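Asker: Mind looking at a prediction? Sequence and model below.
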Amino acid sequence: MNHSEWIDPIDAIIDGHQERGGFLIVFPEYRPDLFVALAGQLGLQSFDYRAKVMSDHGWDADRLSLQDLDSTLADLAAEGGTLVTNVEALLSTKNPHECAEWIISFLDMDWENTLLVPIVINASQVPVKHPRVHWIPGDALAEQSFLNRLVY
């Protein structure tokens with residue numbers, strides 16, 4: 001599949017919600033190369049939550065709350081459309097119930113602009129049929145090249 005074939009449905013979901021609110025894209029595997037491509041194709045800024053927020057807290061990063069995450073997301077949404085990677089770095093420090101509740105609240109929140117969050121690890125907690133969720137089939141993406149793996 002070319003980029004357009006897997007990105008077009010995501011673009012359509014965002015357009016269908018007037019480019020406003022939270023969206024989850026469930027990937028079959030962790031592909032930072034595709035996250036960058038997706039942000040570029042959709043004209044979104046890219047923000048790595050683990051690198052730009054959690055890393056400042058070092059070994060205590062797990063003490064960040066889901067409210068802290070929401071606060072960062074609200075700031076990003078106020079600035080414009082953003083693809084936020086590595087949110088799961090924080091979600092994985094919380095119990096599954098908290099994580100599932102956060103996912104629903106993220107999708108229901110009236111964010112100022114588009115917030116697009118790739119999900120891989122916590123896919124089992126994402127609602128299967130939700131108008132703000134897109135599941136990418138395992139065979140929809142080209143295999144990552146060796147050189148690409150070294151870069152990302």
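Answerer: Right, received. Where do you want to start? Everything numeric in this text was worked out from a predicted model, so none of it was measured.

Asker: CA only for contacts and neighbour counts going forward, please
Answerer: Will do.

Asker: by contact count, what packs against the helix or strand containing A51?
Answerer: Using DSSP states H and E, A51 sits in helix 49-52. Applying 3 or more CA pairs under 8 Å, 6 or more residues apart in numbering; DSSP states H and E, we find helix 49-52 packed against strand 82-85.

Asker: Give the partner strands of the strand it packs on in its sheet and their orientations.
Answerer: strand 45-48 (parallel), strand 114-119 (parallel) (DSSP bridges).

Asker: contact partners of the helix holding A51?
Answerer: Residues outside helix 49-52 that contact it (CA atoms under 8 Å, 6 or more residues apart in numbering) are V84, T85, N86, V87, A89, L90.

Asker: ditto for stretch 73-80
Answerer: Taking CA under 8 Å, 6+ apart as the rule, stretch 73-80 contacts L44, Q45, T82, W111, E112, N113, T114, L115.

Asker: 6 Å instead, please
Answerer: E112, N113 (CA atoms under 6 Å, 6 or more residues apart in numbering).

Asker: Just the C-alphas of that stretch, formatted as PDB.
Answerer: The C-alpha atoms that make up stretch 73-80 are tabulated as PDB, following Å, rounded to 0.1, in the frame of the first residue of the first chain:
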ATOM      1  CA  LEU A  73      -2.400  17.900  25.500                       C
ATOM      2  CA  ALA A  74      -4.600  20.900  26.200                       C
ATOM      3  CA  ASP A  75      -1.600  23.200  25.700                       C
ATOM      4  CA  LEU A  76      -0.700  21.400  22.400                       C
ATOM      5  CA  ALA A  77      -4.300  21.600  21.200                       C
ATOM      6  CA  ALA A  78      -4.400  25.300  21.800                       C
ATOM      7  CA  GLU A  79      -1.300  25.700  19.600                       C
ATOM      8  CA  GLY A  80      -2.700  23.700  16.700                       C
END
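
Asker: Going by residue numbers, what spans are helices in the chain?
Answerer: Assigned by DSSP state H, the chain shows helices spanning 3-16, 32-42, 49-52, 66-79, 88-91, 96-108, 146-151.
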